[in-house]
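A.B. asks: take a look and give me a structure for this.
(chains A and B)
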Amino acid sequence: DGGITQSPKYLFRKEGQNVTLSCEQNLNHDAMYWYRQDPGQGLRLIYYSQIVNDFQKGDIAEGYSVSREKKESFPLTVTSAQKNPTAFYLCASTQGGLGGYTFGSGTRLTVV
Amino acid sequence: ILNVEQSPQSLHVQEGDSTNFTCSFPSSNFYALHWYRWETAKSPEALFVMTLNGDEKKKGRISATLNTKEGYSYLYIKGSQPEDSATYLCAFSSLSGGGADGLTFGKGTHLIIQP
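C.D. replies: Residues are numbered from 1 along each chain as shown, chains lettered A, B, ... in the order given. Modelled structure (predicted):
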């Protein structure tokens, strides 16, 4: 079955360390997205990529970086510059236009 | 930054009752309005993508309406069942992005169906 795989489900890191969250899709979707969820907040867009080797900042890109070297993969690096990295991170993809988004099951990152 | 509001924030409904909740969004630069159902420990699941003013969509006991001129959408659930318990998210897609520059989400309505 086609879908989005995010790994790991839970991640713990020490403050000051960079960490990379994985997102892989086998839906042949062109566009991929990273969202962040904090308690009491809606999902907020971090970065998105509409095509391989190209990506754009979303609303809260500071302290994050991404790459899109393959259509299937869109990893997110949470850098030490991100002031409040503890959150739930959700990856999504879409073919674009009027298609719905398909979501992964998320990664909960805790920085101690 | 766009503002998408959902109300109520949470809702307790008796099994068998019908319910509805609201999403309000900017009426300008509108491309599409999405509804998702998000059950605990699962991925958000697409319910509807709505584009035309006056649009009504239905999936089983769940239906949605859209008013793009005034910037609101209603989601209705008829005869609520325990499996309807979830957070329902609406999300706005802008015309300038053509549907591919990301969605702006509301905070969701957390629905609990009580047996």
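A.B. asks: show residues contacting stretch B:91-100.
C.D. replies: With C-beta atoms under 8 Å, 6 or more residues apart in numbering or on different chains as the test, stretch B:91-100 has contacts from A:30-31, A:43, A:48, A:50, A:94, A:96-99, B:2, B:4, B:25-26, B:29-36, B:101, B:103-106. For glycine as for every other residue, the C-beta is placed from the backbone atoms N, C-alpha and C.
A.B. asks: buried ones only from those residues, please, as a PyMOL command.
C.D. replies: Buried residues among the contacts of stretch B:91-100 (16 or more other C-beta atoms under 10 Å in any protein chain shown), as a PyMOL selection:
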select buried, (chain A and resi 31+43+48+50+94+96+99) or (chain B and resi 4+25+30+31+32+33+34+35+36+101+103+104+105+106)
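A.B. asks: name the helix or strand for the closest residue to chain A within chain B, please.
C.D. replies: For chain B, the residue closest to chain A is B:A46, as judged by C-beta to the nearest C-beta, at 3.3 Å. B:A46 is part of strand B:45-50, with elements assigned from DSSP states H and E.
A.B. asks: list the buried residues in that strand.
C.D. replies: B:46-50.
A.B. asks: which residue, neighbours along the chain excluded, lies closest to the one residue sitting closest to the centre of chain A?
C.D. replies: In chain A, the centroid-proximal residue (C-alpha atoms, centre = their mean) is A:W34; its distance is 3.0 Å. Closest residue to A:W34 apart from its sequence neighbours, by C-beta to C-beta, 6 or more residues apart in numbering or on different chains: A:I46 at 4.3 Å.
A.B. asks: could you check the pLDDT of that neighbour?
C.D. replies: For A:I46, the pLDDT comes out at 98.
A.B. asks: quick check, it in contact with A:D38.
C.D. replies: No: the criterion here is C-beta atoms under 8 Å, and A:I46 misses it with A:D38 at 12.0 Å.
A.B. asks: more crowded one of the two?
C.D. replies: In terms of neighbours (other C-beta atoms under 10 Å in any protein chain shown), A:I46 is the more surrounded of A:I46 and A:D38; the figures are 27 against 13.
A.B. asks: next up, the contacts around the more buried one.
C.D. replies: So A:I46 contacts A:34-36, A:58-61, A:64, A:66, A:76, A:89 (C-beta under 8 Å, 6+ apart).
A.B. asks: that'll do, ta.
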